[in-house]
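*Asks:* predicted coordinates and the sequence they were generated for:
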Amino acid sequence: MQIGIDNKLLQLTNSVFSGNNFEKINDEIYIWRGFLTKEECDEIVNYVKNNVKFNDTSLDQESRSVINCEILLNYRQRLVDSLNYSFAFNIDEFCVSEDWDYIKARFPGMNDDCHVDIQNWLKNSLDLTTLEHNKEYEKFKLPFISFVIYFNEDFGGGEIYYPEYDFKFKPKSGDVIFHSCEVVHGIHEVLSGNRFSHQGNISSYRYVKPENIKIFNKAYSNHSVSNYSKDNPDFYFKINQTPVYNKRLLSVLNQ
């Protein structure tokens, strides 16, 4: 059973995925089946399999697992055009991740333990010293949706799973799964074959008053001060998310 879900975030997520391409699994998880065709996937997989770095067995698996692939950039706009931006936001307030030029390979034995994407992002990526400075507010991007594009299906294991919902997903080539950045998930161990995918995110711009920046700099704060509009810079967007005191993640790990 999931706890601490933010209703504002659910409203945002459901609104973005209002088009016909998306199959709703629940309020936090959506699937686009066949985002890429088999031919498009085969081109990407063949590129990776012929990559020198991928085939360099003198490197450890982690070093070999991330391959630059500019072919994928051809399909970013397809995803951007499918999202619904019309419900209360200006399209300029959104950003679909731009680093579409890499593929993640997972070899047999590789897995990901349960985690929450926003936790990793806040812990590793949020650098408030780089924000544009304005005497009224600071502006930054905060992901609210993560997605994974799958390029092959000829592997065993490797399913993404969501323990709060007792749901796991075995993709077909070209499928994309989307989930809230707050949802607890992991990846089962790859048992055979190689799993090729790309992970990205959908962000919205947030604003915070300079005097509240210190809240971000406290690693164990239970809230982030942000909002959906620079017109309301004191709105608190509750994410129940910190590197240690993640209530949803701890509830799963303690079961």
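*Replies:* Yep, that arrived.
*Asks:* quick one: residues contacting residue 26.
*Replies:* If you count contacts by CB atoms under 8 Å, 6 or more residues apart in numbering, residue 26 has them with 165, 167. Glycine gets a C-beta too; all of them are placed from N, C-alpha and C.
*Asks:* my bad, should have said residue 169
*Replies:* Taking CB under 8 Å, 6+ apart, we find residue 169 in contact with 31, 159-161, 177.
*Asks:* please repeat the previous calculation with a cut-off of 7 Å.
*Replies:* If you count contacts by CB atoms under 7 Å, 6 or more residues apart in numbering, residue 169 has them with 159-160, 177.
*Asks:* quick check, nearest of the residues you listed to residue 36?
*Replies:* residue 177 (13.2 Å; CB to CB).
*Asks:* and that closest one, helix, strand or coil?
*Replies:* Under the three-state scheme (DSSP: H, G, I helix; E, B strand; the rest coil), residue 177 adopts strand.
*Asks:* give me the distance between it and residue 160.
*Replies:* Using CB to CB, to the nearest Å, residue 177 is found at 6 Å from residue 160.
*Asks:* mutual contacts of those two, please.
*Replies:* 148, 169.
*Asks:* so which of these two has more stuff around it?
*Replies:* residue 177 (23 against 20; other CB atoms under 10 Å).
*Asks:* doesn't residue 71 make contact with residue 47?
*Replies:* Yes. Residue 47 is within contact range of residue 71, at 6.0 Å (criterion: CB atoms under 7 Å).
*Asks:* tell me which of these two has more neighbours.
*Replies:* Taking neighbours as other CB under 10 Å, residue 47 and residue 71 compare with residue 47 leading, 18 against 15.
*Asks:* could you look up the SS state of the more buried one?
*Replies:* helix.
*Asks:* and it, how close does it get to residue 196?
*Replies:* Counting by CB to CB, the gap from residue 47 to residue 196 is 10 Å.
*Asks:* quick check: neighbours shared by these two?
*Replies:* Common neighbours of residue 47 and residue 196 (CB under 7 Å, 6+ apart) do not exist.
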